[in-house]
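Asker: Here's a sequence, model it:
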Amino acid sequence: MRFADLRRAMSARWHSRAVDVSSFAHKDIFFYGAGNLGKKLKASLEEAGISVKGLIDRRAAALREQGVDALTLEEMAAVPKEESVVILSALFSLEDEPALREVLQTAGFPLVVALHELDWRSFDSASFCRNIFIGDYDIERDFAGDEEAVLAAYALWQTEAERFFYMTQIEAYLRRDFSIFPDPLPLRLQYAAHDVPEKADMRFFVDCGAFDGDTLRALSAAGREMHDYFAFEPQQELVTRIHAAAEELAIPRAVIVPCGVSSTTQQIRFGAAEEGKSAVKREAAGSHVIQCVSLDTMFAGEAPTFIKMDIEGMEIEALHGAERLIREHHPQLAICIYHDMSHIWRIPLLLREFYSGYRFYVRNYQYMGLETVVYAFADGE
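Answerer: A predicted model of the protein is given here:
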């Protein structure tokens, strides 16, 4: 089957709920959230001739000190709201978004629209969408040459529901319509494989991109038991917080490695992390140099049972650095596949190349297809 035929066969199942931003032409547009994503969205709207009247943010006082004109929701009390719309210009979870909508509507805003409900085609340049959501992949230039690989990965998923989600992820990027996604799973369950029909073995857990220990805490809350815990986190200021989490949970053996992971032991340039964000992305001209190691080197003579990776687009390089572990020991895997559009097919195909006995499952934990994870479980486990 050709990709175009498969896409056509599924088209009746995709239902757009996207809101045309041009319908806000005679309304006062406010943003809730003045972070990095909000700033880029504001610039994109203004480039399309759509003005933003104001920014609402809980950190308004601190932002004003930085030269950002923002108000708290309380400071907005006297502002007329009858002919206004609030765009949630940050990503809020499945659990948090309904409560936030209620707060804003109670404050007098009649219409609240989330990022995943916008019709990005009505205002967004493809370059902005690509930069924010699909890394460096150029869908207009590259996708036609990848259709064979896309079809090969389509056949790897375990169920029809997963094959449909896989195609939905690709279709959303092709259309720039993220409203066709189903609601995500709760973010607190990410990496837990709670509804995957396999028995997860996290006794020897490797946490690549450990941030501040949030995955460790979430998995413990989900009832996952760990005896050996290895965390890789290059942001030095977060290491003590990971230690604290491991001590609080009384993990018998916890090792925190202040490095990133890659294909080899090497130093790589990265950009600086933004305040309050976990993302540290690779940049050739980045101001920070981070020491990276390979998992094959770190675990010579050991066999982790479960490896998680959320490393801002470095997943493929890091998997090459874990090839021996995967080929010899077949650890269970939870790998993020949303940092670059092509990862949704390239990563499962790479894992199948390393070990043909893996069974693949895909789960999504955030709107717009973000926080999407591929789980791999080996035969006999």
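Asker: part of a strand, is Arg359?
Answerer: Yes. Assigned with DSSP: H, G, I helix; E, B strand; the rest coil, Arg359 falls within a strand.
Asker: Which residues are in contact with it?
Answerer: Gln158, Glu198, Ala376, Phe377, Ala378, Asp379 (CB atoms under 8 Å, 6 or more residues apart in numbering). Bear in mind the C-beta positions are built from the backbone N, C-alpha and C, glycine included.
Asker: Tell me the buried residues in the host helix or strand of Ala4?
Answerer: Take DSSP states H and E as the rule and Ala4 turns out to sit in helix 3-10. Applying a neighbour-count criterion of 16 or more other CB atoms under 10 Å, one finds Phe3, Leu6, Arg7 buried in helix 3-10.
Asker: low-scoring stretches of the stretch 1-150 of the chain, by residue?
Answerer: By pLDDT under 70, the low-scoring segments of the stretch 1-150 of the chain are 125-128, 130-134.
Asker: What segments of it are helices?
Answerer: Using DSSP state H, counting those that start in this stretch, the helices of the stretch 1-150 of the chain run over 3-10, 36-47, 60-65, 97-106, 126-133, 139-142, 147-154.
Asker: Gln169 falls within a strand, correct?
Answerer: No. Per three-state DSSP, Gln169 lies outside any strand segment and is helix.
Asker: what sits against it?
Answerer: Phe181, Ile344, Asn364, Gly369, Thr372.
Asker: next one: Lys53
Answerer: Taking CB under 8 Å, 6+ apart, we find Lys53 in contact with Asp28, Ile29, Phe30, Ser84.
Asker: Dump the residues you listed into CSV; add distance to Ala77 as well.
Answerer: Listed next are those as CSV, based on distance: CB to CB, whole Å:
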residue, distance to Ala77
Asp28, 15
Ile29, 19
Phe30, 13
Ser84, 13
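Asker: most distant residue from the middle of the protein?
Answerer: Ala78 (36.9 Å; CA atoms, centre = their mean).
Asker: could you measure that residue against Leu71, distance?
Answerer: 10 Å (CB to CB, to the nearest Å).
Asker: same deal with Arg58?
Answerer: 10 Å.
Asker: Among the two, which residue is more densely surrounded?
Answerer: Leu71 (19 against 14; other CB atoms under 10 Å).
Asker: which residues in the stretch 251-381 of the chain form helices?
Answerer: 295-298, 315-320, 323-329, 343-354.
Asker: out of those helices, nearest to Arg101?
Answerer: Evaluated with CB to CB, those place helix 343-354 nearest to Arg101, the distance being 29.3 Å.
Asker: Show me what that closest one is packed against.
Answerer: Applying 3 or more CB pairs under 8 Å, 6 or more residues apart in numbering; DSSP states H and E, one finds that helix 343-354 makes contact with helix 147-154, helix 160-175, helix 315-320, helix 323-329, strand 332-336, strand 358-364, strand 372-378.
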